[in-house]
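# Generate coordinates for the sequence data below:
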Amino acid sequence: MRRDSTPTVSVFIPVFRESDLLESLLNRILADPYEGRKEVFVIIDEPTSGSLSLVKKFEGRVHFILNGERRGKVNVLNEAVNEAAGSILIFLDSDVEIDDCLGSFLSKIVREMEEADIVEVKKNVIRDSLLARAINYDYLGFNFVNWLFSKTLGRCLGFNGAAFAIKREVFFSLGGFRNVILEDMDLGTRSFMRGFKFKYIGDVSVHTRVPSSWREWFRQRKRWGVGAALWLKDYLRDLIKIVRKYPKLLLPSLLLIFPSLPLLFINLFIPDEIYIKIIYILLLVISTRASVLLPPIALTSTSISVIRNLLLTMSSLGSYSFIFYMMAQKLDFAFNPIDFVFFYLVYSPLWLLIMVASIMRGYLKPGWADLDWKV
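Reported below is the predicted structural model:
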């Protein structure tokens, strides 16, 4: 690429107080051999002494915007974009690491932007705890869904805002970020309805730090649950139309993002009597070869109910294990069977419960969400 023929790239990194990954992230971007012009904006709300030391270290090479109070990610990013000159805007969270790759990270994104209005970068998880290793499969499901949307529709209902790029004119055409909790999901939905081209790229990626404690994870997911409930209320009519138009894509995608849904639907909507009769007949047939053990079991409805739930859980676990293993192979994600069992049996049901409770509360008690923290 010749420098005078390449677009200017503006990179935006919002920070709340500080991030121990920020210095390495800035070094990686500044050292990137992109041949065009690049500018880096770091916006810090309530900077700490550690953040201020980085400001001095990178002075003259990075545009720092310091806010003495928390102004909110949406507000500071929209204002920073107005000060930038780039035709391509790249947004990165402060808790991500850009994976080592041959060539230029920025150049690869710019090249992909030639055929898209919005590009999402693959996100892996820094797997430094059992919880983080479970969240890895959460990210895998979402990454794969967006890969599907990219390949089939060339549009996307939402994306993970930890690392993505958007053309400047598209960003302003959409009105920038809205002051909502899931600002990245909201921006993706509006881009979908406007028909802007979306592309998921997996040959460049970032690793993002996720909550390592259950308390921190619960606070995060509670916020996300509130955001999802408000997002659903804002776009419900549009989403119904989209599901009707693309049911073969939307419904399977939902099952990949929330793997616990099939068991929930089965337990809620299929009568126990059907399973009890099927299992009872099977036990009677099997008892012809194990007459000492099985007839007593076959006579108790409690045992049959336990066996029914065990069979459903194991069959669903086996199916999802195979599906997620194939997805991991496709997108080059880590897959460990033991970690996946924990994800499927513990993590996924908890996340689904938080989401369902948030949506129900949002509809039963309008105005319940307190958005002060987001400004």
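# Okay, now the unreliable bits of the stretch 151-300 of the chain?
267-300 (pLDDT under 70).
# where exactly do the helices run in it?
Counting by DSSP state H, counting those that start in this stretch, the stretch 151-300 of the chain has helices at residues 168-173, 183-194, 214-245, 247-257, 261-269, 272-286, 294-298.
# Quick check: which of the ones you listed is buried the most?
Per-stretch averages of neighbours, counted by mean count of other CB atoms under 10 Å, single out helix 183-194 among the helices of the stretch 151-300 of the chain, with a mean of 20. Yep, even glycine has a C-beta here, placed from its N, CA and C like the rest.
# just to revisit the earlier point, export the helices of the stretch 151-300 of the chain to a markdown table and tack on distance to residue 18?
Shown next, in a markdown table, are the helices of the stretch 151-300 of the chain (distance: least, CB to CB, whole Å):
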| stretch | distance to residue 18 |
| --- | --- |
| helix 168-173 | 27 |
| helix 183-194 | 22 |
| helix 214-245 | 16 |
| helix 247-257 | 31 |
| helix 261-269 | 38 |
| helix 272-286 | 54 |
| helix 294-298 | 60 |
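# quick one: which of the ones you listed is nearest residue 345?
helix 261-269 (10.3 Å; CB to CB).
# so what's the residue nearest to residue 183 when sequence neighbours are not counted up against?
In this structure, residue 183 finds its nearest non-sequential neighbour in residue 177, 4.5 Å apart by CB to CB, 6 or more residues apart in numbering. Listed by CB atoms under 8 Å, 6 or more residues apart in numbering, the contact partners of residue 177 are 73-74, 77-78, 183, 186-187.
# let's go with 7 Å and repeat that
Shown in contact with residue 177 (CB atoms under 7 Å, 6 or more residues apart in numbering): 74, 77-78, 183, 187.
# would a markdown table of these with distance to residue 131 be doable?
A markdown table is the format used below for those (distance: CB to CB, whole Å):
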| residue | distance to residue 131 |
| --- | --- |
| 74 | 27 |
| 77 | 28 |
| 78 | 33 |
| 183 | 25 |
| 187 | 28 |
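# so what's residue 330 closest to, chain neighbours aside?
In space, residue 330 is closest to residue 144, 7.2 Å off (CB to CB, 6+ apart).
# so the one you found, which of the three states?
helix (DSSP: H, G, I helix; E, B strand; the rest coil).
# Hmm, it is touching residue 327, no?
Yes: assessed by CB atoms under 7 Å, residue 144 is found in contact with residue 327 at 4.6 Å.
# how distant is the longest strand along the chain from the center of its chain?
Determined from DSSP state E, the single longest strand within the chain is strand 198-208. Here strand 198-208 shows a centroid-to-chain-centroid distance of 12 Å under the convention CA atoms, centre = their mean, to the nearest Å.
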